[in-house]
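Novice: could you work out the structure for the sequence below:
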Amino acid sequence: MRGLPKANDACWCGSGQKFKRCHKSTTDPVRPGRITPMRQVPDSIDKPVWADGTEVKRWDEPAVKDPEVIGRMRRVGRDAADLLAYLGTVIAPGVTTEQIDEACHARALELNAYPSPLGYPGGRNPFPKSLCTSVNEVICHGIPDDRPLRDGDIVNCDVTLYREGVHGDTNATFFVGEVDELSERLVRVTRECTELGILAARPGNLINDIGKAIQRHAESQGFGVVRDFVGHGIGEQFHSDLQICHYYHPGLDTPIEAGMTFTIEPMITVGSYRAQMWSDGWTAVTADCGRTAQFEHTVLITADGAEILTTPSDTRLHPYWALAQQPVAQNS
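Specialist: Model prediction:
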C-alpha cells in the first residue's frame, strides 16, 4: 500500500500505537492457503460445457441480444445479485473464504443454478471453486481457501450464475470488521467509478467512453486503474467478444448500441496498477502489494442508457447501493 508507515512508526489510524502492533497485520501480503476438493453439482442442474471437461469454444454471439435472451438474463442476473447480497451477511472476521465459497455453492444449487466459475478452464488447472474471493492486494480471481479473514481486511466476492442457458455476473468489495480510512476511501471511489462507467454506457457513446469516465475519476482521486483485466460481453457465453476497458483505450471505438449486454467491473488500486500472477495461474495481485477494490454489474443498453441486470431484490442489502449515499458528479 502506497505510503505505509514503517514498523515502528505511529499507526495511521491514530491509535497512538506503533504500526507493527496495530494495523500491520492487515497489510501483510496475502498468502495461499489450503484448497479443498472441487464441489459437486447434481445432474438435475443444467451445466455449461466446461463442467464436464469439454473445451470452451467461443462462437459469434450477437452483441445485441434479442428480447427472449434478455428476459432470461434479467432473471439470472437478479438471482446472482441476491446471492452476492447474501454472501455479504456471511463475511466477518474469522470466516474463511472457503466458508464463503461453501455458502455460495449451496445457495446456487438452491436457485437451481450452476456457479459459472466452477471448473472454468485456465490457469494451471480449471478454477476449483464456485466464486472468486479476492482479499486486500488480490486484484481478481482469488481462489477460496482456509485463510481466515482478519479484522481490517477488504474482500471482493465475484459471483456468476448459469441457468436458462445464460450467465449473470456481478461482484462487490466488502469490509471485514473495521477498516482503515484509506481502504474505506478506496472502496467508495471504486463504487463511484463503477457508477460513472455505467452512466457513460449509453447509445451515442463509444465503448472507450466508459473507460475514459472511470479513469478520469480514479486518477483524480489519486488511485490507479488496472489494465490487465477488463469487462466483457456476456449472455449465452460467460465471456463473449466485447471488451470493456476501464481506462481510455483509443482502439475501443465501437459504438454502444441498444440491446448490448456486457459487464462493467473496474479494478482500482491504491498504488501501482500493474499486476503479477501467483503460480496457480489464476490469482492476480498488485505488483506493490497495495490494496485494490472492485465492483461489477452486468448491464443492458437501452434507448435511454444502461439497465443494471444485477440489481438485487432488496437494494438495502447490496453494498453497491448501500454506498451510494451521494450522487457522483459526472464531470469529476
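
Novice: next structured bit after whichever helix in the chain runs longest?
Specialist: Scanning the chain for the longest helix, with DSSP state H as the assignment, gives helix 67-90. Following helix 67-90 in sequence order, the next helix or strand is helix 97-110 (DSSP states H and E).

Novice: what's in contact with the following helix or strand past that following helix?
Specialist: Using DSSP H and E, the helix or strand that directly follows helix 97-110 along the chain is strand 114-115. Applying Cβ atoms under 8 Å, 6 or more residues apart in numbering, the contact partners of strand 114-115 are 41, 45-48, 51, 104-105, 108, 130-131, 159-163. Every C-beta, even on glycine, is put in place using the N, C-alpha and C of the backbone.

Novice: mind listing what strand 114-115 pairs with, with the direction of each?
Specialist: strand 154-163 (antiparallel) (DSSP bridges).

Novice: for residue 133, see how far away the nearest residue to residue 266 once chain neighbours are set aside is.
Specialist: Of all residues not flanking residue 266 in the chain, residue 246 sits nearest, at 4.0 Å (Cβ to Cβ, 6 or more residues apart in numbering). Distance check for residue 246 against residue 133: by Cβ to Cβ, to the nearest Å, it reads 21 Å.

Novice: show me where the stretch 151-300 of the chain has its strands.
Specialist: 154-163, 166-175, 224-225, 231-233, 240-244, 261-264, 267-269, 275-277, 284-286, 292-294, 297-301 (DSSP state E, counting those that start in this stretch).

Novice: touching the fourth one from outside, list them.
Specialist: Counting by Cβ under 8 Å, 6+ apart, the neighbours of strand 231-233 from elsewhere in the structure are 61, 63, 210, 239-246, 260-265, 296.

Novice: report the mean confidence score over that strand.
Specialist: Strand 231-233 shows a mean pLDDT of 97.

Novice: and for the third one?
Specialist: Here strand 224-225 scores 98 as its mean pLDDT.

Novice: summarise which helices and strands that strand is packed against.
Specialist: The elements that strand 224-225 packs onto, with contact taken as 3 or more Cβ pairs under 8 Å, 6 or more residues apart in numbering; DSSP states H and E, are helix 207-220, strand 267-269.

Novice: can you tell me the strand partners of it and which way each runs?
Specialist: Going by DSSP bridges, the partners of strand 224-225 are strand 267-269 (antiparallel).

Novice: got the contact list for the strand it pairs with?
Specialist: Contacts for strand 267-269 (Cβ under 8 Å, 6+ apart): 139-140, 186, 189-190, 193, 218, 223-226, 229, 246, 286, 290-294.

Novice: wait, residue 69 touches residue 236, no?
Specialist: Yes: taking contacts as Cβ atoms under 8 Å, residue 69 lies within contact range of residue 236: 6.9 Å.

Novice: any residues in contact with both of those two?
Specialist: The overlap between the contact sets of residue 69 and residue 236 (Cβ under 8 Å, 6+ apart) consists of residue 166.

Novice: sorry, back to before: now the contacts of strand 231-233: which count as buried?
Specialist: 61, 63, 210, 239-240, 242-246, 260-265, 296 (16 or more other Cβ atoms under 10 Å).

Novice: can you tell which of the helices and strands packed on strand 224-225 is closest to residue 278?
Specialist: strand 267-269 (16.1 Å; Cβ to Cβ).

Novice: so for that closest one, mean pLDDT?
Specialist: On average, strand 267-269 scores 98.

Novice: now do stretch 122-131
Specialist: Mean predicted lDDT for stretch 122-131 stands at 93.

Novice: list the contacts of it.
Specialist: Contacts for stretch 122-131 (Cβ under 8 Å, 6+ apart): 35, 37-39, 50, 87, 100-101, 104-105, 108, 115, 117-120, 141, 143-144, 157-160, 279-282.

Novice: low pLDDT regions in this protein?
Specialist: 1-7, 11-15, 18-27, 315-332 (pLDDT under 70).

Novice: now with 90?
Specialist: Scanning the chain with the threshold set as pLDDT under 90 gives 1-29, 52-60, 122-124, 271, 313-332.

Novice: tell me the buried residues in stretch 180-192?
Specialist: Within stretch 180-192, the residues that count as buried by 16+ other Cβ under 10 Å are 180, 182-183, 186-192.

Novice: burial count for residue 93?
Specialist: For residue 93, the neighbour count with other Cβ atoms under 10 Å is 13.

Novice: repeat for residue 100
Specialist: 23.

Novice: my read is that it contacts residue 144, right?
Specialist: Yes: when contacts are counted by Cβ under 8 Å, residue 100 is listed as touching residue 144 (6.2 Å).

Novice: spit out the residues that contact these two alike.
Specialist: With Cβ under 8 Å, 6+ apart as the test, residue 100 and residue 144 both reach 131, 133.
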